[in-house]
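> Predicted coordinates and the sequence they were generated for:
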Amino acid sequence: MTRKLILFISTGGFSGYSPIGAGTAGSLLAVLLFWGINEYLIHNLFFNLGIGFILLILGLWTIPYACAIFNQSDPGKIVIDEQVAVWFILTGLPFNIFNLVTGFLLFRVLDIWKPYPIRRMEKFPAPLGVMMDDLGAGVYVLVLCWLGELFF
């Protein structure tokens, strides 16, 4: 695999190079892509799950190479992990603008805050450590959103 392709995938279409809030930029790009695909092309659970798993596999495959390129164990420029988590969050919620915004905002808060045991997940070796903390935050977001729908 070429260096440019590794960097394109692992940095979420180069959104990880954003000078301010790379994780937020990558997450926002995922939200916009999810919205565009589901609003204008196809809105299908199995399609969205398929895209999510493809992104997950691509992320797990490219993260070790990208870590070596950046010479860091979890470089901030790698945002495919945020994009995978956001994609699965949005797939697990009813498709509407409220959930797109709520899922995005809650994810960013929990991804930055890293409540227990998410911070511990970061300590796994790459690529799992890079990916697992974001997926853990994604699970928290889904549970919070589902509880919100249940009680409100």
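Thanks, I have it.

> helices or strands up against the helix or strand of the chain with the lowest mean pLDDT?
For the chain, using mean pLDDT, DSSP states H and E, the weakest element among its helices and strands is helix 118-121, scoring a mean of 92. Packing partners of helix 118-121 (3 or more CB pairs under 8 Å, 6 or more residues apart in numbering; DSSP states H and E): helix 128-151. C-beta here means a position set from N, CA and C on the backbone, and glycine is covered the same way.

> Show me which positions of the helix it packs on end up buried.
By 16 or more other CB atoms under 10 Å, the buried positions in helix 128-151 come out as 129-138, 140-142, 145.

> can you check stretch 4-21 too?
Using 16+ other CB under 10 Å as the test for burial, stretch 4-21 gives 6-7, 9-16, 18.

> Give me the mean pLDDT for it.
On average, the pLDDT along stretch 4-21 is 98.

> Format the CA atom coordinates belonging to that stretch as CSV.
Extracted as CSV, the C-alpha positions of stretch 4-21 are listed here (Å, rounded to 0.1, in the frame of the first residue of the first chain):
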residue,chain,number,x,y,z
LYS,A,4,-0.4,8.5,0.3
LEU,A,5,-3.2,5.9,0.4
ILE,A,6,-2.3,5.0,4.0
LEU,A,7,-2.4,8.7,5.0
PHE,A,8,-5.6,9.4,3.1
ILE,A,9,-7.4,6.6,4.9
SER,A,10,-6.0,6.9,8.3
THR,A,11,-6.4,10.7,8.4
GLY,A,12,-10.0,10.5,7.2
GLY,A,13,-9.6,12.0,3.8
PHE,A,14,-6.8,14.2,5.2
SER,A,15,-9.3,15.9,7.6
GLY,A,16,-6.9,14.9,10.4
TYR,A,17,-4.5,17.6,9.1
SER,A,18,-6.9,20.3,10.4
PRO,A,19,-4.8,22.7,12.4
ILE,A,20,-7.6,23.0,15.0
GLY,A,21,-9.4,20.0,16.4
